[in-house]
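Engineer: have a look at this prediction, sequence included:
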Amino acid sequence: MVSARNYAHAHYLPPWFSVAPMMEWTDVHYRTMARLISKHAWLYTEMLAAETIVYQKDNLDRFLYFPPEQHPIVLQIGGSNLENLAKATQLANIYKYDEINFNCGCPSPRVAGHGCFGARLMLDPKFVAEAMSVIAANTDVPVSVKCRIGVDDHDSYNELCDFIYKVSSQSPTRHFIIHSRKAMLNGISPAENRSIPPLKYEYFYGLLRDFPDLRFTINGGINTIDEVNAARKAGAHGVMVGRAAFNNSWNTLGHVDTAIYGAPSSGITRRQLLKEFEAYGETVLGKYGQKPNVRDVAKPLLSLFYAQPGNSLWKRKADAAFMHCTTMKSFFEETLVAIPDFVLDAPVGAPPSGSNDPFANIHTLLPPPYESREQELQYA
């Protein structure tokens with residue numbers, strides 16, 4: 001079992017850069033586009049509730065299928081029922097995801113307020129350890145946890161360490177993705193939870209110091225390739241980027257392979273990407289009755305021309321085309337006239353420079369070292 005877990009990652013470069021799981025955003029269509037831009041970024045699914053997988057066991061392709069080109073790819077699941085987590089993991093195995101991640105960080109009321117899962121689970125590390133043990137027992141691939149640095153008033157560094165210690169010592173979990181803000185479950189929206197709670201990167205780097213045998217990926221507030229490399233230079237094992245990888249996909253993902261992994265540039269242009277994406281889109285339109293439609297498939301493309309000439313006109317034309325286009329070919333014929341040829345035919349340019357380094361002095365700001373209350377935590 002251990003060798004199988006380690007082997008699962010051996011085919012790919014390490015997860016130095018990953019795209020965060022984002023509900024209603026990182027679907028199979030977005031991931032197809034993302035993989036055309038970057039060959040090495042690790043991609044995550046949207047969060048899928050274990051119950052959805054179990055109850056849709058006769059319709060799983062709609063939720064779990066992905067083209068093989070999307071490897072390396074991580075399935076994120078959520079839930080609070082151990083039996084359903086076990087069944088969901090078993091059902092997902094045939095799709096051959098490269099890792100299974102458990103959601104302990106989503107502050108959405110749809111998640112945190114129903115069935116007690118998402119960020120609220122950080123208040124019950126014993127259950128999270130049990131859940132991770134159940135997931136790991138039903139798969140051969142690595143498992144990981146994505147969490148916040150705290151929840152509501154449970155936001156001290158020691159409480160975060162207690163959570164990490166208990167989950168890692170009582171389950172096979174060795175990889176934690178840390179969103180460096182706490183979750184506030186009452187009074188603010190999920191969008192506000194991404195900006196109002198302050199970033200505390202010093203907590204993340206404290207974890208690197210205090211848990212040297214674990215792997216940690218940093219998430220939250222990191223928007224440029226320079227910031228990704230700065231976080232890694234400061235010691236992060238990996239960096240997860242969210243909205244920037246969706247809202248400015250070309251300029252963010254386009255530099256991952258070269259600036260982070262040291263791989264040669266593919267030289268792909270937007271026109272070439274759209275040609276490949278058109279071929280993909282035609283094969284999936286209407287695959288499940290009337291879904292997906294052109295709007296569903298083309299949605300991730302709306303950020304492809306961010307800050308480029310013609311972008312606003314392209315979006316207006318796309319909105320109009322969504323009303324009547326039934327093929328990707330007709331959609332592109334109607335909309336791409338808005339984009340100049342020099343934009344369509346240019347490869348990814350030089351990465352923007354001049355970002356501030358938010359991690360320059362981080363090691364002078366670390367909280368006091370964690371001292372585990374091992375005897376007490378065993379029975380908590």
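Structural biologist: In hand now; what should we look at?

Engineer: so Phe102 bridges to which residues?
Structural biologist: Counting by DSSP bridges, Phe102 is bridged to Ile77, Val145.

Engineer: quick one: least confident helix or strand in the chain?
Structural biologist: When the helices and strands of the chain are scored by mean pLDDT, DSSP states H and E, helix 2-8 comes last with a mean of 44.

Engineer: report all helices and strands that whichever helix or strand comes after that one contacts.
Structural biologist: Using DSSP states H and E, the helix or strand that follows helix 2-8 towards the C-terminus is strand 17-19. Using 3 or more Cβ pairs under 8 Å, 6 or more residues apart in numbering; DSSP states H and E as the contact test, the elements touching strand 17-19 are strand 43-44, strand 238-241. C-beta here means a position set from N, CA and C on the backbone, and glycine is covered the same way.

Engineer: what's the longest helix seen in the chain in contact with?
Structural biologist: Counting by DSSP state H, the longest helix found in the chain is helix 270-284. Helix 270-284 has contacts (Cβ atoms under 8 Å, 6 or more residues apart in numbering) with 28-29, 32-33, 36-37, 67, 250, 292, 294, 297-298, 301, 304-305, 327-329, 332, 336, 339, 343-346.

Engineer: let's see 7 Å
Structural biologist: With Cβ atoms under 7 Å, 6 or more residues apart in numbering as the test, helix 270-284 has contacts from 32-33, 36-37, 250, 292, 297, 304, 327-329, 332, 343-345.

Engineer: go on, stretch 313-322?
Structural biologist: Defining contact as Cβ under 7 Å, 6+ apart, one finds that stretch 313-322 is touched by 294-295, 298, 302, 305, 331, 334-335, 338-339.

Engineer: for Ile100, give me phi and psi.
Structural biologist: phi -120, psi 130 (degrees, to the nearest 10).

Engineer: tally of neighbours for it?
Structural biologist: For Ile100, the neighbour count with other Cβ atoms under 10 Å is 23.

Engineer: next one: the one 4 residues further on
Structural biologist: For Cys104, the count of nearby residues is 30 (other Cβ under 10 Å).

Engineer: how about Pro300?
Structural biologist: Counted with other Cβ under 10 Å, Pro300 comes out at 20.

Engineer: host element of the nearest residue to it once chain neighbours are set aside?
Structural biologist: Excluding the flanking residues, the one nearest Pro300 by Cβ to Cβ, 6 or more residues apart in numbering is Tyr30, at 3.9 Å. Using DSSP H and E, the element containing Tyr30 is helix 28-37.

Engineer: contacts made by that helix with the rest, please.
Structural biologist: By Cβ under 7 Å, 6+ apart, helix 28-37 touches 19, 41, 43, 66-67, 69-70, 246, 249-250, 253-254, 268, 273, 276-277, 280, 296-297, 299-301.

Engineer: in helices only, show me the contacts of stretch 313-322.
Structural biologist: 294-295, 298, 331, 334-335.

Engineer: and those, which of them are buried?
Structural biologist: 294, 298, 331, 335 (16 or more other Cβ atoms under 10 Å).

Engineer: low pLDDT regions in the stretch 101-250 of the chain?
Structural biologist: Within the stretch 101-250 of the chain, the stretches with pLDDT under 70 are 108-116.

Engineer: and the strands in it?
Structural biologist: Applying DSSP state E, counting those that start in this stretch to the stretch 101-250 of the chain gives strands spanning 143-148, 175-179, 215-219, 238-241.

Engineer: dump those strands into a markdown table; add distance to Pro14 as well.
Structural biologist: Formatted as a markdown table, the strands of the stretch 101-250 of the chain follow (distance: least, Cβ to Cβ, whole Å):
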| stretch | distance to Pro14 |
| --- | --- |
| strand 143-148 | 13 |
| strand 175-179 | 11 |
| strand 215-219 | 9 |
| strand 238-241 | 7 |
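
Engineer: with respect to Ala88, which of the ones you listed lies nearest?
Structural biologist: strand 143-148 (12.8 Å; Cβ to Cβ).

Engineer: list of residues touching the closest one?
Structural biologist: So strand 143-148 is in contact with 76, 99-105, 119, 122, 128, 132, 135-136, 167, 172-173, 175-179, 181-183, going by Cβ under 7 Å, 6+ apart.

Engineer: and Ser189, its phi and psi?
Structural biologist: phi -80, psi 170.

Engineer: return the distance of it relative to Arg270.
Structural biologist: Going from Ser189 to Arg270 by Cβ to Cβ, to the nearest Å gives 33 Å.

Engineer: show me which of these two is the more surrounded one.
Structural biologist: A direct count of neighbours by other Cβ under 10 Å for Ser189 and Arg270 places Arg270 higher, at 24 against 12.

Engineer: pLDDT value on that one, please?
Structural biologist: Model confidence at Arg270, given as pLDDT, is 98.

Engineer: roughly how far does it sit from Asp98?
Structural biologist: From Arg270 to Asp98 the distance is 28 Å (Cβ to Cβ).

Engineer: for the strands of the stretch 101-250 of the chain, give me JSON lines that also has mean neighbour count.
Structural biologist: Conversion of the strands of the stretch 101-250 of the chain to JSON lines gives the following (neighbours: other Cβ atoms under 10 Å):
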{"stretch": "strand 143-148", "mean neighbour count": "26"}
{"stretch": "strand 175-179", "mean neighbour count": "25"}
{"stretch": "strand 215-219", "mean neighbour count": "23"}
{"stretch": "strand 238-241", "mean neighbour count": "23"}
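
Engineer: so which of those gets nearest Leu82?
Structural biologist: strand 143-148 (14.2 Å).

Engineer: and the angle from the closest one to strand 215-219?
Structural biologist: Counting by axes from the mean of the first three to the mean of the last three Cα atoms, to 10 degrees, strand 143-148 lies at 40 degrees to strand 215-219.

Engineer: how far is strand 143-148 from where the chain is centred?
Structural biologist: When C-alpha coordinates are averaged (Cα atoms, centre = their mean, to the nearest Å), strand 143-148 and its chain have centres 11 Å apart.
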